[in-house]
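[1] with the sequence up front, the predicted model follows.
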Amino acid sequence: MADETTGTGTDGLAGDVWDLLPGYALGALDDADREAVERLLASDADARRALDEYRDVVAAFVVEAEPPAALRASVLAQVQDTAQLHGPTAEAASAPAASPAAPAAPPAAPASPAGPDPEQGSVVSAAGTAPSSGGAEVVDLASRRRRRWGTAVAAVAAAFAIAVPTTVAVQVSAERDRLREQAQVVSEMLADPDSSILRGAVQGGGEASVLVAGDDMLFRADDLPALDADQAYQLWVVEGDGSVSSAGLLATHDGQATSLVQGQHGVGMAVSVEPKSGSEQPTTAPIVVLGA
Amino acid sequence: MASPPVRTSSRESVDALLVACAGGDPSSFTPVYDALGPVAYGASLGVLRDPDHAAEVTQEVMVEVWQTASRFDAARGSARTWVATLARRRAVDRVRSEQAHRDRDQRDTDLRTNEAERDVVVEDVERRLEGSAVRRCIEGLTPTQREAVVVAYYGGLTYREVAERLDKALPTVKSRIRDGLNRLRDCLEVGRG
């Protein structure tokens, strides 16, 4: 049998974990090995494909057998009283679970322009009551996993359609409501025919872009280099006369930052590196300026 | 028994039944149960050997299949494989938790009985698989590969337990199972483009 060498090169450890995939498909691993495999699966699509094949092999062993006749009625009766779970993610399984009350459809009017994704349909509730901001409302979206922005508004729309259901797995309902409101705002921004995206490279590394719609701006940066512990990235709104006002410090996550800024009459945004506590006015040259 | 199981359905039609019941009426699950209940029961029975325990696991699994039907992804494998995987996982969990329970309570005697109970004769397995595609492929394995794979499969054992059972070193058992499953995969033509 040829050796199952994989793209993991000479890394003996990774190779060992690959060797555990058959055992994982058989349910023959102890806890430590199982966790190692799950880490591999989380990061490696080839490993997931290999596992799928091993599962097919294991399933081929099954000799089908007619279950006891009484079981049929009892399963079908239980199914009558059991709600289905929605959403493809395993994480979602822990959330709403088997409450017999909730019927199939999410109880919501899908006002979103982002497409027919059924999960997206649940993004509503407080529609119209968007955060009543008196001035700069800086909302941090960065603490959740995000997709990259595409090169067009459509791509951004798709990205948010995907991102919202994953964040709904967050079990704190207040947090979820907040994210839904933000998603609603972003949906409306994307629906605005006058919206535009400005993008640019960040000096020192990374990319930034901003979606501008009316007085709302959604800033996004990727691959920002890590800063010294006493420094922070600060976001600025650039106004028509060239003056700037702070839009807050950027919380970065793996070099990513997202910030929704509402009700600002800006024509662009800029980022500078400031002391950790932030500055009233920029104290250094901007590392990126996004403007019309 | 009203409707007989649709054992002869093609893979595609069983997959389609499962997809259709996601977001559907509970009555849409009836044909899914008829098509896949025997897979869940067969997989559970293979590990547990006890018909009552296998029936309990089958009930849990088939309700889980209904609840999570929207997570079935035909691109990753057939409905049969999906259900067999879910059933096997639950059955193995049950073996483990029973064993832990037993080990706590009455160590010596029960452990010995337990082992005897779960002793697997390779020939028996091959007889049971008469007519299935896997039978021919199993015959293509070396005797040591066959033994390791069959013991791991039908005992619901961990690698470590298989090694103890066969009195072999753990790495030996690991590579026999890996090589055995690789050969089976090639023989069963389980590739996906």
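    Everything's here; your move.
[2] got the domain ranges for the chain?
    In the absence of a named chain, this looks at chain A. A:14-59, A:196-291 (the TED database).
[3] my question was about chain B
    As recorded under the TED database, the domains making up chain B are B:12-100, B:128-192.
[4] so what touches stretch B:161-180?
    A:1, A:4, A:19-20, A:22-23, A:26, A:28, B:115, B:141, B:144-149, B:151-152, B:155, B:157, B:159-160 (CB atoms under 8 Å, 6 or more residues apart in numbering or on different chains). Any C-beta I mention is one placed from the backbone N, CA and C, and that applies to glycine too.
[5] make it 7 Å
    Contact with stretch B:161-180 is made by A:1, A:19, A:22-23, A:28, B:141, B:144-149, B:151-152, B:157, B:159-160, as judged by CB atoms under 7 Å, 6 or more residues apart in numbering or on different chains.
[6] just the buried members of those?
    Among the contacts of stretch B:161-180, those classed as buried by 16 or more other CB atoms under 10 Å in any protein chain shown are A:19, A:22-23, A:28, B:141, B:145-149, B:151-152, B:157, B:159.
[7] could you tell me the least trusted of the domains of chain B?
    When the domains of chain B are ranked by mean pLDDT, domain B:128-192 comes last with a mean of 86.
[8] now do that one: distance to the chain's middle.
    Using CA atoms, centre = their mean, to the nearest Å, the mean C-alpha position of domain B:128-192 is found 13 Å from that of the whole chain.
[9] what is the neighbour count of residue A:285?
    10 (other CB atoms under 10 Å in any protein chain shown).
[10] okay, now the unreliable bits of chain A?
    Low-confidence segments of chain A (pLDDT under 70): A:1-15, A:87-180, A:292.
[11] can you rerun that using 80?
    Applying pLDDT under 80 to chain A picks out residues A:1-15, A:86-187, A:190-195, A:240-242, A:263-265, A:291-292.
[12] all the strands of it, residue numbers only.
    Secondary structure of chain A, counting by DSSP state E: strands at A:137-140, A:196-201, A:207-213, A:216-222, A:231-239, A:244-249, A:257-262, A:266-275, A:288-291.
[13] residue A:181 is nearest to which of those?
    strand A:137-140 (8.8 Å; CB to CB).
[14] quick revisit: so which of the domains of chain B is the most surrounded?
    Highest mean neighbour count among the domains of chain B (mean count of other CB atoms under 10 Å in any protein chain shown): domain B:12-100, with a mean of 20.
[15] apart from its neighbours in sequence, what residue is nearest the residue nearest the centre of chain B?
    Centroid check for chain B by CA atoms, centre = their mean gives residue B:43 as the closest residue, at 3.7 Å. Nearest residue to residue B:43, sequence neighbours excluded (CB to CB, 6 or more residues apart in numbering or on different chains): residue B:87, at 3.8 Å.
[16] shouldn't that neighbour be in contact with residue B:45?
    No. Counting by CB atoms under 7 Å, residue B:87 does not reach residue B:45; the two are 9.4 Å apart.
[17] settle this for me: residue A:264 is touching residue A:237, isn't it.
    Yes. Applying CB under 7 Å, one finds residue A:264 in contact with residue A:237, separated by 4.7 Å.
[18] quick one: which of the buried ones among the contacts of stretch B:161-180 sit in helices?
    Per DSSP state H, helices hold the following members of the buried ones among the contacts of stretch B:161-180: A:19, A:22, A:23, B:145, B:146, B:147, B:148, B:149, B:151, B:152, B:159.
[19] leaving out sequence neighbours, find the closest residue to the first one.
    In space, residue A:19 comes closest to residue B:178 once its chain neighbours are excluded; the distance is 5.3 Å by CB to CB, 6+ apart.
[20] mean neighbour count for the strands of chain A - can I get that in CSV?
    CSV is the format used below for the strands of chain A (neighbours: other CB atoms under 10 Å in any protein chain shown):
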stretch, mean neighbour count
strand A:137-140, 18
strand A:196-201, 15
strand A:207-213, 22
strand A:216-222, 24
strand A:231-239, 20
strand A:244-249, 19
strand A:257-262, 23
strand A:266-275, 21
strand A:288-291, 19
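[21] same list (the ones you listed) but as a markdown table, adding distance to residue A:77.
    What follows is the strands of chain A, written out as a markdown table (distance: least, CB to CB, whole Å):
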| stretch | distance to residue A:77 |
| --- | --- |
| strand A:137-140 | 47 |
| strand A:196-201 | 54 |
| strand A:207-213 | 51 |
| strand A:216-222 | 49 |
| strand A:231-239 | 57 |
| strand A:244-249 | 56 |
| strand A:257-262 | 47 |
| strand A:266-275 | 59 |
| strand A:288-291 | 60 |
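[22] for residue B:67, find the nearest of those.
    strand A:257-262 (33.6 Å).
[23] helices or strands up against the helix ranked longest in chain B?
    Counting by DSSP H, the longest helix found in chain B is helix B:79-105. Packing partners of helix B:79-105 (3 or more CB pairs under 7 Å, 6 or more residues apart in numbering or on different chains; DSSP states H and E): helix A:45-60, helix B:11-21, helix B:30-48, helix B:51-67, helix B:108-117.
[24] TSV for those, including distance to residue B:98?
    Output for the helices and strands packed on helix B:79-105, formatted as TSV (distance: least, CB to CB, whole Å):
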stretch	distance to residue B:98
helix A:45-60	21
helix B:11-21	30
helix B:30-48	9
helix B:51-67	9
helix B:108-117	9
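[25] out of the ones you listed, which is closest to residue A:241?
    Among these, the nearest to residue A:241 by CB to CB is helix A:45-60 (50.4 Å).
[26] report the angle between that closest one and helix B:30-48.
    Here the directions of helix A:45-60 and helix B:30-48 differ by 80 degrees (axes from the mean of the first three to the mean of the last three CA atoms, to 10 degrees).
[27] ok, residue A:291 touching residue A:242?
    No. Proximity of residue A:291 to residue A:242 does not meet the contact threshold set by CB under 7 Å, at 9.9 Å.
[28] ok now stretch B:11-23, how far from the chain's centre?
    With CA atoms, centre = their mean, you get 21 Å for stretch B:11-23.
[29] can you give the contact residues for it?
    Contacts for stretch B:11-23 (CB under 7 Å, 6+ apart): A:84, A:104, B:28-29, B:31-32, B:35-36, B:66, B:69-70, B:72, B:74, B:78-80.
[30] quick one: which of those residues is nearest residue A:60?
    Scanning those for proximity to residue A:60, where the rule is CB to CB, the winner is residue B:80, at 9.2 Å.
[31] ok, that closest one to residue A:59 distance?
    6 Å (CB to CB, to the nearest Å).
[32] just residue B:10 next, same as before
    Relative to residue A:59, residue B:10 is positioned 16 Å away (CB to CB).
[33] dihedrals phi and psi, residue B:188?
    Main-chain dihedrals, residue B:188, degrees, to the nearest 10: phi -80, psi 0.
[34] that one against residue A:60, yeah?
    Yes. Look at residue B:188 against residue A:60 with CB under 7 Å: they come within range, at 5.6 Å.
[35] shared neighbours, these two?
    Applying CB under 7 Å, 6+ apart, one finds that residue B:188 and residue A:60 are jointly contacted by B:133, B:134.
[36] got a list of what the closest residue to residue B:82 other than its chain neighbours touches?
    Closest residue to residue B:82 apart from its sequence neighbours, by CB to CB, 6+ apart: residue B:72 at 5.5 Å. For residue B:72, the contact set (CB under 7 Å, 6+ apart) comprises B:18, B:19, B:79, B:82.
[37] can you pick out the most distant pair from these?
    B:19 and B:82 (11.2 Å).
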